[in-house]
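A.B. asks: Give me coordinates for this.
(chains A and B)
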2 protein chains.
Amino acid sequence: MDGELAKGLEGVVVAQSELSDIDGAAGTLLYRGYDIEDLATGASYEEVLYLLWTGALPTEEEFEAFTSAMATERSVDDCVLDTLDALTSADERPMAALRTGVSMLSTTDPEGDVAPRDIEAAKRKGRRIVAKTPTILAAYDRLRRGKEPVAPSEELSHAANFLYMLSGEKPGAVATETFDMALTLHADHGLNASTFTAMVVASTFADVYSSVTGGIGALSGPLHGGANQDVMQALFDLDESDMTAREWVEDVVDRGERVPGWGHRVYDVTDPRATLLRGKLQDLAEASGETRWLDYTTTISEYLVDEQQLTQRGVAPNVDFYSGSVYYQLGIPIDMYTPIFAMARTGGWLAHVFEYQADNRLIRPRAEYVGPRQRSFAPLGER
Amino acid sequence: MDGELAKGLEGVVVAQSELSDIDGAAGTLLYRGYDIEDLATGASYEEVLYLLWTGALPTEEEFEAFTSAMATERSVDDCVLDTLDALTSADERPMAALRTGVSMLSTTDPEGDVAPRDIEAAKRKGRRIVAKTPTILAAYDRLRRGKEPVAPSEELSHAANFLYMLSGEKPGAVATETFDMALTLHADHGLNASTFTAMVVASTFADVYSSVTGGIGALSGPLHGGANQDVMQALFDLDESDMTAREWVEDVVDRGERVPGWGHRVYDVTDPRATLLRGKLQDLAEASGETRWLDYTTTISEYLVDEQQLTQRGVAPNVDFYSGSVYYQLGIPIDMYTPIFAMARTGGWLAHVFEYQADNRLIRPRAEYVGPRQRSFAPLGER
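C.D. replies: Model (predicted):
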């Protein structure tokens, strides 16, 4: 393999993994061998985290121990809240605020000085990061709206607690189930750029705070996170236009533009996560009576499938096509969609870190030098 | 290349680069085609930065414009100093404090909202990061010692200003020249794990703050940064022992242990950076009259070369063997050696980011799934 340029590392196998298996032709996604549909409909995000980090779904006793430990770790220190307050005063963007907030968490970790190769300690640190990330995000959103942060509740599930801290009101069953499912659906997805970033950082045995901070940074890039925000923006454009959904999508296609949320680098058929979230969009529409977003996405989808025959050409709806409308109906601000993706994916970043560090090798590729040689130097005054 | 496991990506060529060329057999290092010795002895760190980022050494006019712009950007906002104060109160470690401090800088960047693909804007942001990183580090070190931070001076060079902010006193010529050379010697070195991290993050078109934050995280790992601290610790052990340097090194070798600072993954002969720093160690010893660290390293080196014939076996002193004693004689606290490495290498991380983004491709390798399939799911109550 020496010497051949593998730009973007496309197709290069950098590690073996037991975490997620994607079959793009069949449209299936497994976590640790379990079908994503079983997990999304039958298990909570906490169970999925436990599965990803340990390899097995928890028994009731294990679940109780894991979730109660995590629930007690939700608060963040006042010094972190003060920094978030300063960031919102300076209009910092959400992903950058999350990066700084999570980076700062290491300062209060009770095991900050534990040897970096202690993977059990790393798992406890990871649990603290997952526990506190929603608190950071909800506090950031409230502070920028001039509201006091809401202290986390130890009584609520991970998903329900986030919605509670964001709005100050305990969410209903449909909202909680929906958000919990969205977290599970975004928890892991092979070696995307942010997961790989977390692994490269971890391969130096840097601590998990550095890995997760790196992952957040990578996910903030427009080529990675952010597509669900684009879908919602498109649906707003439609909503504010004088066109019907059918006219709007015809117009987009006629102009030769892509409809956001369609097509995926890995899936040739419908992303299984899209199917599951579409079901939740229906539940939300029924529960709220607001069917607009469901109607828009249904009309767009029917046109692209029936008239444009996109799915026959390997272009199908991906998870982003539905997640935007789902989050919108949950009352989540649009610029928080990528941070929520980060909040869910932190579980997967950490799972890959733990797995890679258990059989670690420093990740250090080469660059081929193609520049000049033997340039003759002249000091500043003689140039 | 598909399917073959390339763990650690050793030998995998991920990009072409015109930045640094290392010949491990000849013991040479080039930046942009210039020999490291010419640059280290004939150019300042600011000129080297300009070279790495643009491809050419600056004329006097270009140098003046670049350095004066950078000098005016050295101050950091009070909100960053407040956060650093909170971090030192909580005993945060230096690399973690640097990671948080640099992450926070994005909040006051005047071009924070500029489109991420604008590489000229990215270069200005990068210049601000390089300008402010020494201010963060010096403030952190003073705050933890209960002292007020020293405001940066626009009159001093990048190297002199850092030493000034650290101690509060303007450094002498030998100290300034030495530290400036150390920065140049650490500015770039191919695709090490931290540089690669910065590139992976940048490949999503995340902004430069995310890339540098990722690089700092990777460099904080014990398999990457930190070796110069190990060398200095070993020299302290020797100094506090009852042994002569010769007895000490014999004892280390007899116990089958490695002498830190000897051997390098890339160099089979003496690291050219080691030779240059050894010269500066001599200058510092002459200027101060304190020859202890020079004597220790000389005796250890002579024993390993003459008696153990390590260099004939491809094991020679690397840059870390001398940088520790150099920094020690400059009055820099030992746990700041890795942060100083980060401060210098930020220039290289950014150079690779700019180069890669100019012909960008999202970095996304694969993992081979080796876990189970079709596991049958049972809900929590039935496990």
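A.B. asks: need the contact list for A:E111.
C.D. replies: Neighbouring residues of A:E111 by Cβ atoms under 8 Å, 6 or more residues apart in numbering or on different chains: A:A121, A:R124, A:K125. No exception for glycine: its C-beta is placed from N, CA and C like everyone else's.
A.B. asks: again, only using 6 Å
C.D. replies: Applying Cβ atoms under 6 Å, 6 or more residues apart in numbering or on different chains to A:E111 gives the contacts A:A121.
A.B. asks: Does it belong to a helix, a strand or coil?
C.D. replies: Under DSSP: H, G, I helix; E, B strand; the rest coil, the three-state class of A:E111 is coil.
A.B. asks: Look up how far A:E73 lies from it.
C.D. replies: 12 Å (Cβ to Cβ, to the nearest Å).
A.B. asks: Report the contact partners of the residue nearest in space to the middle of chain A.
C.D. replies: Nearest residue to the geometric centre of chain A (Cα atoms, centre = their mean): A:F341, 2.5 Å. By Cβ under 6 Å, 6+ apart, the contact set of A:F341 is A:H186, A:G225.
A.B. asks: Quick check: which element contains it?
C.D. replies: Per DSSP states H and E, A:F341 falls inside helix A:337-357.
A.B. asks: So for that helix, mean pLDDT?
C.D. replies: Helix A:337-357 shows an average pLDDT of 98 in the prediction.
A.B. asks: How about stretch A:294-302?
C.D. replies: 96.
A.B. asks: try stretch A:78-86
C.D. replies: pLDDT averaged over stretch A:78-86 gives 98.
A.B. asks: Please put the alpha-carbon coordinates of that stretch into CSV.
C.D. replies: Coordinates of each C-alpha in stretch A:78-86 appear next as CSV, following Å, rounded to 0.1, in the frame of the first residue of the first chain:
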residue,chain,number,x,y,z
ASP,A,78,-20.8,27.2,37.9
CYS,A,79,-17.5,28.1,36.2
VAL,A,80,-18.7,26.3,33.1
LEU,A,81,-22.1,28.1,33.2
ASP,A,82,-20.2,31.5,33.7
THR,A,83,-18.1,30.7,30.6
LEU,A,84,-21.2,29.8,28.6
ASP,A,85,-22.8,33.1,29.7
ALA,A,86,-19.7,35.0,28.4
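A.B. asks: what sits up against that stretch?
C.D. replies: Counting by Cβ under 6 Å, 6+ apart, A:G101, A:M104, A:A139, A:Y140, A:L143, B:C79, B:T83, B:A86 sit against stretch A:78-86.
A.B. asks: Show me those residues that map onto helices.
C.D. replies: A:G101, A:M104, A:A139, A:Y140, A:L143, B:C79, B:T83, B:A86 (DSSP state H).
A.B. asks: which among these gets closest to A:G226?
C.D. replies: Checking the ones in helices among the contacts of stretch A:78-86 against A:G226 with Cβ to Cβ, the nearest one is A:Y140 at 17.3 Å.
A.B. asks: so what's the closest one up against?
C.D. replies: Counted by Cβ under 6 Å, 6+ apart, A:Y140 has contacts A:L84, A:A97.
A.B. asks: so A:L51 sits right up against A:Y34, yeah?
C.D. replies: No: judged on Cβ atoms under 6 Å, A:L51 makes no contact with A:Y34 at a distance of 7.1 Å.
A.B. asks: Of the two, which one has the most company?
C.D. replies: A:L51 (24 against 21; other Cβ atoms under 10 Å in any protein chain shown).
A.B. asks: what helix or strand is the more buried one on?
C.D. replies: A:L51 belongs to helix A:45-54, assigned by DSSP H and E.
A.B. asks: Mind checking if that helix is in reach of chain B?
C.D. replies: No: using Cβ under 6 Å from any Cβ of the partner chain, helix A:45-54 stays clear of chain B, coming no nearer than 6.6 Å.
A.B. asks: Which other helices and strands does that helix contact?
C.D. replies: helix A:158-167, helix A:173-185, helix A:337-357 (3 or more Cβ pairs under 6 Å, 6 or more residues apart in numbering or on different chains; DSSP states H and E).
A.B. asks: mind redoing it with 10 Å?
C.D. replies: strand A:28-31, helix A:36-42, helix A:60-71, helix A:119-144, helix A:158-167, helix A:173-185, helix A:337-357 (3 or more Cβ pairs under 10 Å, 6 or more residues apart in numbering or on different chains; DSSP states H and E).
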